[in-house]
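In: what would the 3D arrangement of this be:
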Amino acid sequence: MTVRHFLTLKDLTPAELQQLLKRGIELKQMQKAGEIFEPLKNKTLAMIFEKSSTRTRISFETGMTQLGGHALFLSPRDTQLGRGEPIEDSARVISSMVDGIMIRTFGHDIVETMAQYSQAPVINALTDDFHPCQLLADMQTYYEHRGSIQGKTVTWVGDGNNMCHSYINAAAQYDFKLRIACPEGFDPNPELVTAHADRVEIVRNVMDAAESSDLIVTDVWASMGQEEEQRLREAAFADYQVNKAVMLQANSDALFMHCLPAHRGEEVTAEVIDAEGTVVWDEAENRLHAQKALLEFLMSN
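Out: Numbers count the residues shown, from 1 in each chain. Predicted coordinates for the structure are as follows:
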């Protein structure tokens, strides 16, 4: 049987992504009802973390437990990966003993190499280029609150980072229009933008980008590993904050999302993220349910 991996949203078909979205909602309802469901009993997920994590570790570890399996936390400090063992060798060895590998790392080439040499499914839990698991949660959250996102308009505000790249892929896979509001010098990958030019555009002015939008999304100005650029980025992104004025420019029922952690007063105001009816906390919780659907899809018999 061919091993399936999840390195970007493009590794699944639009139909499979819709299947996962609805399955995530089902699994959420089952868990809330106290139903025991263990399709991954006696299965193990190796979780390799080269970057720090809160939501990713908790959601994958809890998800495996709820599905009847076991999650094994691995850090570079505790394994031969941190001492220079080639990714190819690690992939061969680790995948021979576990049923799935989740990796959160820096270069996207690392997860690609891991997948190439792994006999178990590999899940990208964040690289410098993509964060597809977050999009599973975001799309599930939108569906729960507003129905299908197909044909809608989404506005990304801020850095053209890994989250922005995954939103570009999502625009194609979930069939919506994406406007990217970012300052010059912080654009997303131009090849990715060009490849999706039929539905993605860069708009420098935030208010123009937010007009008649159905979903406004942002992320921190300085991602992990960019902390030394904080002051430079504060100046560059000063006009790229999601505040009440930006939300008022969007449709009256527009949602706001943030993958967290958030820096209130920088990329988003407290007034927006803490507003009554905010879906940010549902979005965070849905990492658990969406990823359980992914784990079941990739690892169950």
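
In: for the stretch 201-301 of the chain, which segments count as strands?
Out: Along the stretch 201-301 of the chain, the segments classed as strands by DSSP state E, counting those that start in this stretch run 215-218, 255-258.

In: can I get these in TSV with distance to residue 293?
Out: To be clear about C-beta, it is placed using only N, CA and C from the backbone, and glycine gets the same treatment. Converted to TSV, the strands of the stretch 201-301 of the chain look like this (distance: least, C-beta to C-beta, whole Å):
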stretch	distance to residue 293
strand 215-218	21
strand 255-258	19
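
In: out of these, deepest packed?
Out: Among the strands of the stretch 201-301 of the chain, the stretch with the highest mean neighbour count (mean count of other C-beta atoms under 10 Å) is strand 215-218, at a mean of 26.

In: would you mind listing the outside residues contacting it?
Out: Among residues not part of strand 215-218, those counted as contacts by C-beta atoms under 8 Å, 6 or more residues apart in numbering are 138, 142, 149, 152-158, 163, 167, 210, 242, 246-247, 250, 254-258, 267-268.

In: mind redoing it with 6 Å?
Out: Strand 215-218 has contacts (C-beta atoms under 6 Å, 6 or more residues apart in numbering) with 154-158, 242, 250, 254-258, 267-268.

In: sheet partners, orientation included, of that strand?
Out: Next to strand 215-218 in the sheet, as set by DSSP bridges, lie strand 153-157 (parallel), strand 255-258 (parallel).

In: out of those strands, nearest to residue 24?
Out: Smallest distance to residue 24 across those (C-beta to C-beta): 15.7 Å, for strand 255-258.

In: for the closest one, give the mean pLDDT please.
Out: Per-residue pLDDT over strand 255-258 has a mean of 98.

In: among the strands of the stretch 201-301 of the chain, which is nearest residue 191?
Out: Relative to residue 191, the nearest member of these by C-beta to C-beta is strand 215-218, separated by 21.6 Å.

In: please put the alpha-carbon coordinates of the closest one into PDB.
Out: The C-alpha trace of strand 215-218 is given here as PDB (Å, rounded to 0.1, in the frame of the first residue of the first chain):
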ATOM      1  CA  LEU A 215     -12.400  36.300   6.800                       C
ATOM      2  CA  ILE A 216      -9.500  38.400   8.100                       C
ATOM      3  CA  VAL A 217      -6.400  36.400   9.200                       C
ATOM      4  CA  THR A 218      -3.100  37.500  10.700                       C
END
